[in-house]
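J.: The sequence isn't on hand, but the structure is:
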(Lines give C-alpha, C1' and ligand atoms only; values in the text may rest on other atoms or scores of the structure.)
Protein backbone atom coordinates (compact mmCIF):
# COMPACT_ATOMS: atom_id res chain seq x y z
CA UNK A 1 0.00 0.00 0.00
CA UNK A 2 1.41 3.38 -1.00
CA UNK A 3 1.38 6.34 1.39
CA UNK A 4 -2.07 7.93 1.36
CA UNK A 5 -3.66 5.08 -0.60
CA UNK A 6 -6.00 2.71 1.15
CA UNK A 7 -6.86 -0.72 -0.19
CA UNK A 8 -10.58 -0.66 0.62
CA UNK A 9 -11.16 -4.24 -0.48
CA UNK A 10 -8.51 -5.44 1.93
CA UNK A 11 -9.82 -3.16 4.69
CA UNK A 12 -13.41 -4.40 4.21
CA UNK A 13 -12.25 -8.02 4.34
CA UNK A 14 -10.15 -7.53 7.48
CA UNK A 15 -11.20 -9.33 10.67
CA UNK A 16 -11.41 -6.05 12.59
CA UNK A 17 -13.87 -4.53 10.13
CA UNK A 18 -15.91 -7.73 9.96
CA UNK A 19 -16.02 -7.80 13.77
CA UNK A 20 -17.31 -4.19 13.79
CA UNK A 21 -20.04 -5.05 11.28
CA UNK A 22 -20.95 -8.15 13.26
CA UNK A 23 -21.25 -6.19 16.51
CA UNK A 24 -23.39 -3.51 14.84
CA UNK A 25 -25.63 -6.13 13.27
CA UNK A 26 -25.94 -8.00 16.59
CA UNK A 27 -27.29 -4.81 18.18
CA UNK A 28 -29.31 -3.26 15.37
CA UNK A 29 -31.20 -6.30 14.04
CA UNK A 30 -32.72 -7.45 17.37
CA UNK A 31 -33.58 -3.87 18.37
CA UNK A 32 -35.27 -3.27 15.01
CA UNK A 33 -37.27 -6.49 15.28
CA UNK A 34 -38.30 -5.61 18.84
CA UNK A 35 -39.31 -2.09 17.80
CA UNK A 36 -41.41 -3.26 14.85
CA UNK A 37 -43.14 -5.99 16.85
CA UNK A 38 -43.90 -3.64 19.74
CA UNK A 39 -45.06 -0.89 17.38
CA UNK A 40 -47.41 -3.06 15.29
CA UNK A 41 -48.70 -5.01 18.28
CA UNK A 42 -51.02 -2.17 19.34
CA UNK A 43 -53.03 -1.85 16.11
CA UNK A 44 -53.20 -5.63 15.75
CA UNK A 45 -54.33 -6.15 19.34
CA UNK A 46 -56.92 -3.37 19.22
CA UNK A 47 -58.30 -4.78 15.97
CA UNK A 48 -58.72 -8.36 17.16
CA UNK A 49 -59.00 -8.25 20.96
CA UNK A 50 -61.10 -6.27 23.41
CA UNK A 51 -59.09 -6.56 26.64
CA UNK A 52 -57.18 -3.36 25.83
CA UNK A 53 -60.49 -1.49 26.07
CA UNK A 54 -60.77 -2.29 29.79
CA UNK A 55 -60.07 0.61 32.16
CA UNK A 56 -56.57 0.67 33.63
CA UNK A 57 -56.85 3.82 35.76
CA UNK A 58 -60.14 5.70 35.82
CA UNK A 59 -61.23 6.36 32.23
CA UNK A 60 -57.78 5.53 30.80
CA UNK A 61 -57.82 2.18 29.04
CA UNK A 62 -54.97 -0.28 28.57
CA UNK A 63 -54.76 0.76 24.92
CA UNK A 64 -53.73 4.27 26.04
CA UNK A 65 -51.20 2.82 28.48
CA UNK A 66 -49.74 0.71 25.67
CA UNK A 67 -49.64 3.73 23.35
CA UNK A 68 -47.76 5.81 25.94
CA UNK A 69 -45.41 2.86 26.47
CA UNK A 70 -44.55 3.08 22.77
CA UNK A 71 -43.23 6.61 23.28
CA UNK A 72 -41.18 5.47 26.25
CA UNK A 73 -39.87 2.51 24.26
CA UNK A 74 -38.88 4.76 21.34
CA UNK A 75 -37.00 7.20 23.58
CA UNK A 76 -35.29 4.31 25.38
CA UNK A 77 -34.16 2.70 22.13
CA UNK A 78 -32.88 6.07 20.88
CA UNK A 79 -30.83 6.56 24.03
CA UNK A 80 -29.50 3.01 23.85
CA UNK A 81 -28.53 3.42 20.20
CA UNK A 82 -26.85 6.76 20.82
CA UNK A 83 -24.65 5.23 23.52
CA UNK A 84 -23.89 2.17 21.42
CA UNK A 85 -23.16 4.29 18.34
CA UNK A 86 -20.48 6.12 20.34
CA UNK A 87 -18.78 2.78 20.94
CA UNK A 88 -19.08 1.83 17.27
CA UNK A 89 -17.63 5.21 16.25
CA UNK A 90 -14.64 4.69 18.53
CA UNK A 91 -13.98 1.25 17.06
CA UNK A 92 -14.32 2.67 13.54
CA UNK A 93 -11.92 5.54 14.32
CA UNK A 94 -9.36 3.10 15.74
CA UNK A 95 -9.72 1.00 12.59
CA UNK A 96 -9.27 4.04 10.34
CA UNK A 97 -6.07 4.96 12.18
CA UNK A 98 -4.81 1.40 11.77
CA UNK A 99 -5.36 1.32 8.01
CA UNK A 100 -4.06 4.84 7.50
CA UNK A 101 -7.35 6.65 7.00
CA UNK A 102 -8.09 10.14 8.20
CA UNK A 103 -9.51 10.40 11.71
CA UNK A 104 -12.73 12.40 11.72
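T.: Sure, I can see it. A quick note: this is a predicted structure, and the numbers were derived from the prediction, not measured.
J.: Excluding sequence neighbours, find me the nearest residue to residue 42.
T.: residue 66 (5.3 Å; CB to CB, 6 or more residues apart in numbering). Backbone N, C-alpha and C define where each C-beta goes, glycine included.
J.: So the residue nearest in space to the middle of the chain versus residue 61, what's the distance?
T.: Nearest to the geometric centre of the chain sits residue 28, at 3.9 Å (CA atoms, centre = their mean). Distance of residue 28 to residue 61, given as CB to CB, to the nearest Å: 33 Å.
J.: for residue 93, same thing?
T.: From residue 93 to residue 61 the distance is 48 Å (CB to CB).
J.: what ranges do the strands span in the chain?
T.: With strands called from DSSP state E, the chain shows them at 55-57, 60-61.
J.: would JSON lines of the ones you listed with mean neighbour count and distance to residue 14 be doable?
T.: Shown next, in JSON lines, are the strands of the chain (neighbours: other CB atoms under 10 Å; distance: least, CB to CB, whole Å):
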{"stretch": "strand 55-57", "mean neighbour count": "11", "distance to residue 14": "53"}
{"stretch": "strand 60-61", "mean neighbour count": "14", "distance to residue 14": "54"}
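J.: can you pull the pLDDT of residue 98?
T.: At residue 98, the pLDDT value in this model is 86.
J.: Please apply the same query to residue 58.
T.: 93.
J.: Show me the shaky parts of the chain.
T.: 1-4, 101-104 (pLDDT under 70).
J.: Kindly recompute the last result at 50.
T.: Applying pLDDT under 50 to the chain flags residues 1-2.
J.: Quick one: the helices in it, in order.
T.: Using DSSP state H, the helices of the chain run over residues 8-13, 15-48, 62-99.
J.: Looking only at the first one, what residues are buried by neighbour count?
T.: Think helix 8-13. For helix 8-13, the neighbour count (16 or more other CB atoms under 10 Å) marks residue 11 as buried.
J.: hang on, the earlier thing: and the residue nearest to the centre of the chain, what does it touch?
T.: Neighbouring residues of residue 28 by CB atoms under 8 Å, 6 or more residues apart in numbering: residue 81.
J.: Having no further points to raise, I will conclude here.
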